[in-house]
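1. build me a model:
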Amino acid sequence: MSIDKLTSTIGKRGGLAKQNRFQVIFTPPQGGLLSAGGLIGALTSGGGLKSMINDPRDISMLCENVTIPGRQITTLDYTAEKQAVKIPYSFINEDVTCTFLLTNDYYMKTLFDGWLEQVFDDQKFRAKFKKDFTSDVVIQQLNQEDVPVYGVRLENAFPTTVAGITLDNNSESAVQKMTVTFSYDNYVPEGPLSSTLSGFRSALGALGI
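-> Residues are numbered from 1 along each chain as shown. A predicted model of the protein is given here:
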């Protein structure tokens, strides 16, 4: 293989995909037009009334990294005549982990605190109905023009782990981050058009549409 052939192959397929060109779109089940922090968060952060608006674009901008999930086919060993062969019988989807930047109003932390309360009532110590605490999460790979080229939709996703946040006197210049792990029923690979439509539907959830 020559460099020219490699360059030609990459060029005719739109170039190489970049790790930093992505977006994550979702609206939590308790989400609405107003953000979880409400008026108190707006006053303490100094963000004004704009910080009270629950904008799905803020979630995507604050997502530092995310994984497009993989899938493992589970198999059984079946002995046929001379040797054992593997027979597929099901599959396992990987959980999805996201890392979010934390702003001074703790917007993402407050958002996921509210979502966890929708999943499990720690006062009555019982889980709530699944239809009431799940939401579709759309993950998109973007090209250089910020147009989706590939996406996955996590059906009925919900957070299973919100990692702890470290406070440290020795880290004066470090910014706070939070890691969240999602579980979901299934993921659906989507092309550019279908992923764009899924993103719009998820974003419109903030408006109750």
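
2. all contacts plus neighbour counts: C-alpha atoms, from now on.
-> Noted.

3. need the helix or strand of this protein with the lowest average pLDDT.
-> Sorting the helices and strands of the chain by mean pLDDT, DSSP states H and E puts helix 38-45 at the bottom, at a mean of 51.

4. how many other residues sit next to Pro28?
-> 23 (other C-alpha atoms under 10 Å).

5. for it, give its distance to Cys63.
-> As for Pro28, its distance to Cys63 is 15 Å (criterion: C-alpha to C-alpha, to the nearest Å).

6. next secondary structure after the least confident helix or strand of the chain?
-> helix 56-62 (DSSP states H and E).

7. list the buried residues for that following helix?
-> Residues of helix 56-62 classed as buried: Pro56, Ile59, Ser60, Leu62 (neighbour count, 16 or more other C-alpha atoms under 10 Å).

8. tell me the contacts of the closest residue to the first one other than its chain neighbours?
-> Nearest in space to Pro56, with sequence neighbours left out and distances taken as C-alpha to C-alpha, 6 or more residues apart in numbering, is Ala203 at 5.7 Å. For Ala203, the set of contacting residues under the criterion of C-alpha atoms under 8 Å, 6 or more residues apart in numbering consists of Ile25, Phe26, Thr27, Pro56.

9. closest to Gly151 out of these?
-> Ile25 (10.8 Å; C-alpha to C-alpha).

10. and for the closest one, the neighbour number?
-> By other C-alpha under 10 Å, 23 other residues sit near Ile25.

11. how about the nearest residue to it, chain neighbours excluded?
-> Leaving aside its chain neighbours, Ile25 sits nearest to Val138 (5.1 Å; criterion: C-alpha to C-alpha, 6+ apart).

12. in the sheet, which strands lie alongside whatever helix or strand that neighbour lives in, parallel or antiparallel?
-> For Val138, the host element (DSSP H and E) is strand 135-142. With DSSP bridges as the test, strand 135-142 is paired with strand 22-25 (antiparallel), strand 148-162 (antiparallel).

13. average pLDDT for the last one?
-> To tie it back to what came earlier, the one meant is strand 148-162. Looking at strand 148-162 alone, the average pLDDT works out to 96.

14. which of the residues in it are buried?
-> Of all the residues in strand 148-162, those buried under the rule 16+ other C-alpha under 10 Å are 148-159, 162.

15. what average pLDDT does the next helix or strand after that strand get?
-> Next helix or strand after strand 148-162 toward the C-terminus (DSSP H and E): strand 177-183. The pLDDT scores in strand 177-183 average 97.

16. ok now strand 177-183, how far from the chain's centre?
-> Remark: strand 177-183 is offset 8 Å from the chain centroid, using C-alpha atoms, centre = their mean, to the nearest Å.
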